[in-house]
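Student: Provide a 3D model corresponding to the input given below.
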Amino acid sequence: MNKITEIGFLIYPNVTQLDATGPAQVLGRLPGANIHMIWKTLEPVPTDAGFSLLPNATLESCPRLDVICVPGGLGQAALMQDPEILDFLKQHGQQARYVTSVCSGSLLLGAAGLLAGYQSACHWAYRDMLPAFGAIPVAKRVVRDRNRISGGGVTAGIDFGLTLAAELAGEDVAKEIQLMLEYNPEPPFDAGTPEKAGPELADKIRMQFSQALATQ
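Tutor: Below is the predicted model of the structure:
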C-alpha cells in the first residue's frame, strides 16, 4: 500500500470484543493502515467480555473509510433498528472499497440493506437469519462475494483479517503478519462447529444465545 488505508470498526455496547480486536490486530500491522474504533461518543464502550474498548472516532468524525467492518455481539440486535447507525452504515457502505463483517455483524449490514444478493458468513447460531435481508448464508470461516468479505463466528475474525490483509497488501505481507502473530491454531477440543460438537451441546448453546438475546 502506498497510501493511508482508513479501516473502521463499528463498536457498540455489548459488542463481542474479539470480533473487532482480532482482525484489528491483523490489519493494524499493514503498512499505511489507520485503524478507527467508531461509536457515537468517545466514552468507553462496554463489551460482552466485561471490559470496555475506547473509541478513537465518532460517527461524525471518522474519515471516509476504505474498509468498514461490523463486528457481532448481543448489542447488535438493538442497533438493527437504530436509524443513526443504519444511516452511517449505508453512507460508508456505498463509498467503501470493502464492506465487511465478523460474526453476527453481517446481520447489521443486512439491516442496513448492504447484503441483498450477496453471499455472507455469520455465526452458526444466527446464520439462518441472513435470508431475511436478502443475503445468501454460507457456512464457511470466510466468505467473499465481490467487495463484501465476511467472517464467521468470533475466532474466524482472524482468518477474515488475514484474507483482507492479502487483498489490501498482497499475500506475502499477509503471511508475514500471520507469522508475526504466530497464528497456528491447535485447539484442545474438536467442538468448534455444531456438527463437531454434536446435537446435545449445540442445542444447549442455542438456548443460551436465545436467553441472552431475550434480555437485550
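Student: for Val102, give its distance to Ala135.
Tutor: 15 Å (CB to CB, to the nearest Å). Where C-beta positions appear, they are placed from N, C-alpha and C, glycine not excepted.
Student: neighbour count: the two, which is higher?
Tutor: Val102 (35 against 27; other CB atoms under 10 Å).
Student: list the buried residues in the longest helix seen in the chain.
Tutor: Identified as the longest helix of the chain according to DSSP state H is helix 199-214. By 16 or more other CB atoms under 10 Å, the buried positions in helix 199-214 come out as Ala202.
Student: now that helix: how far from the chain's centre is it?
Tutor: 21 Å (CA atoms, centre = their mean, to the nearest Å).
Student: do stretch 22-30 as well
Tutor: For stretch 22-30, the distance to the chain centre is 12 Å (CA atoms, centre = their mean).
Student: next: stretch 120-129.
Tutor: 12 Å.
Student: as a check, name the ranges of all helices in this protein.
Tutor: 17-27, 76-79, 83-95, 105-111, 156-169, 171-180, 194-197, 199-214.
Student: is it possible to get CSV of these that adds mean pLDDT and distance to Cys69?
Tutor: Converted to CSV, the helices of the chain look like this (pLDDT from 0 to 100; distance: least, CB to CB, whole Å):
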stretch, mean pLDDT, distance to Cys69
helix 17-27, 98, 7
helix 76-79, 94, 13
helix 83-95, 97, 10
helix 105-111, 98, 7
helix 156-169, 98, 8
helix 171-180, 98, 16
helix 194-197, 92, 25
helix 199-214, 87, 22
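Student: check those helices for me and report the most buried one.
Tutor: Of all those, helix 105-111 carries the top mean neighbour count, a mean of 27, counting by mean count of other CB atoms under 10 Å.
Student: domain-wise, how is the protein divided?
Tutor: 5-185, 189-216 (automatic domain parsing).
Student: ok so, going back, elements contacting the longest helix of the chain?
Tutor: Applying 3 or more CB pairs under 8 Å, 6 or more residues apart in numbering; DSSP states H and E, we find helix 199-214 packed against no helix or strand.
Student: residues in contact with it?
Tutor: Here helix 199-214 makes contact (CB atoms under 8 Å, 6 or more residues apart in numbering) with 74, 77, 125-126, 191, 194, 197.
Student: farthest-separated two in these?
Tutor: The widest separation within the contacts of helix 199-214, taken as CB to CB, falls between Ala77 and Ala191 and amounts to 25.7 Å.
Student: in this structure Thr216 contacts Gln76, no?
Tutor: To be clear, residue 216 is Gln; Thr isn't right here. No: with contact defined as CB atoms under 8 Å, Gln216 and Gln76 do not form a contacting pair (9.2 Å).
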